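> This is the structure alone, sequence omitted:
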């Protein structure tokens, strides 16, 4: 389990790096969901044919699709306004900090004292990556970081991470995890399409695909791998 989580972390950081380096982060993020929905469609058909989906599973798929639409928008906008070294630690630190609390409140889970210490150490380490060197600014103006739109979107990204982590923990009890991951990607791609068309237009969408096709495909496969491993 530990090895899988570490592999997932490497894959996740890698596709975030590709997203940050893209020409248009929002369009790139939408395209990578389209890639997942397109390339893995045959495997999804096989999973549905063999196992199907329990009735309640569709509600969780719909819910996680909505949360991931928000997650995708917040994450891509974070990278539009701030560096990877700023956004990633904040987003990935906020999510793990809140997820255990939601697990206790909503899922009636129990966390040992040692686990709490571990969570604090990890989250503290993640935030230190950003805050180190800014201690003086934080002490003199603790709300200064909130004036940075990249930071605000990164915090919102962290909130959605905590939300879908708990939601999907229950969702995969009704749907095969790989099929669940595919369907949430499909739902995210469909849910984002009207916004992407309205905000950016066909020309920008084609341009992003032309400039970053290989990166989009790589990011899509890395994103699927990263979260499928966790699920």
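Arrived safely. In this text, all values refer to a predicted model and were calculated from it rather than measured experimentally.

> can you give me the helices in this protein?
Secondary structure of the chain (DSSP state H): helices located at 2-20, 25-39, 41-50, 55-81, 84-107, 113-131, 135-140, 149-171, 177-199, 201-230.

> and the ones you listed, which one is worst for confidence?
Lowest mean pLDDT within those: helix 135-140, at a mean of 62.

> Tell me the backbone dihedrals of residue 174, please.
When quoted as degrees, to the nearest 10, the phi and psi of residue 174 stand at phi -110, psi -20.

> Going forward, count from 28.
Taking 28 as the first residue, the last one we looked at is residue 201.

> Identify the spatial nearest neighbour of it, chain neighbours not counted.
residue 84 (3.6 Å; C-beta to C-beta, 6 or more residues apart in numbering). (Each C-beta comes from the backbone N, C-alpha and C, glycine too.)

> how near is that neighbour to residue 203?
Using C-beta to C-beta, to the nearest Å, residue 84 is found at 9 Å from residue 203.

> What is the neighbour count of residue 252?
Using other C-beta atoms under 10 Å, residue 252 has 18 neighbouring residues.

> For it, give me its contacts.
Residues near residue 252 by C-beta atoms under 8 Å, 6 or more residues apart in numbering: 35, 38.

> Would you mind measuring from it to residue 207?
Distance, residue 252 to residue 207, by C-beta to C-beta: 14 Å.

> again, but for residue 254
For residue 254, the distance to residue 207 - C-beta to C-beta - is 10 Å.

> Ok, residue 121 next?
24 Å.

> and what of residue 239?
Distance from residue 239 to residue 207, by C-beta to C-beta: 27 Å.

> Look at the residue nearest to residue 59 when sequence neighbours are not counted and say how many residues are nearby.
Counting by C-beta to C-beta, 6+ apart, residue 247 is the residue found nearest to residue 59 once chain neighbours are left out, at 4.1 Å. Residue 247 has 23 neighbouring residues, counting by other C-beta under 10 Å.

> Contact partners for residue 220?
Per C-beta under 8 Å, 6+ apart, neighbours of residue 220: residue 57.

> And for residue 106?
Applying C-beta under 8 Å, 6+ apart, we find residue 106 in contact with 43, 46, 47, 52, 114, 177.

> ok so, going back, so which of the helices of the chain has the densest surroundings on average?
Comparing the helices of the chain by mean neighbour count (mean count of other C-beta atoms under 10 Å), helix 52-66 comes out on top with a mean of 23.

> So which elements touch that one?
Applying 3 or more C-beta pairs under 8 Å, 6 or more residues apart in numbering; DSSP states H and E, one finds that helix 52-66 makes contact with helix 29-47, helix 82-108, helix 204-226, helix 228-257.

> out of everything not next to it in sequence, what's closest to residue 99?
Nearest to residue 99 is residue 56, by C-beta to C-beta, 6+ apart, at 4.9 Å.

> Distance check, that neighbour against residue 136.
For residue 56, the distance to residue 136 - C-beta to C-beta - is 31 Å.

> repeat for residue 170
According to C-beta to C-beta, residue 170 stands 33 Å off from residue 136.

> Pick out whichever of those two has more residues nearby.
residue 136 (12 against 7).

> ok, that one to residue 129 distance?
9 Å.

> and if you look at residue 179?
Per C-beta to C-beta, residue 179 is found 21 Å from residue 129.

> And residue 71, by the same measure?
For residue 71, the distance to residue 129 - C-beta to C-beta - is 28 Å.

> what's the nearest residue to residue 68 once chain neighbours are set aside in contact with, if anything?
Nearest residue to residue 68, sequence neighbours excluded (C-beta to C-beta, 6+ apart): residue 209, at 7.9 Å. Listed by C-beta under 8 Å, 6+ apart, the contact set of residue 209 reads 63, 64, 67, 68, 70, 71, 74, 251.
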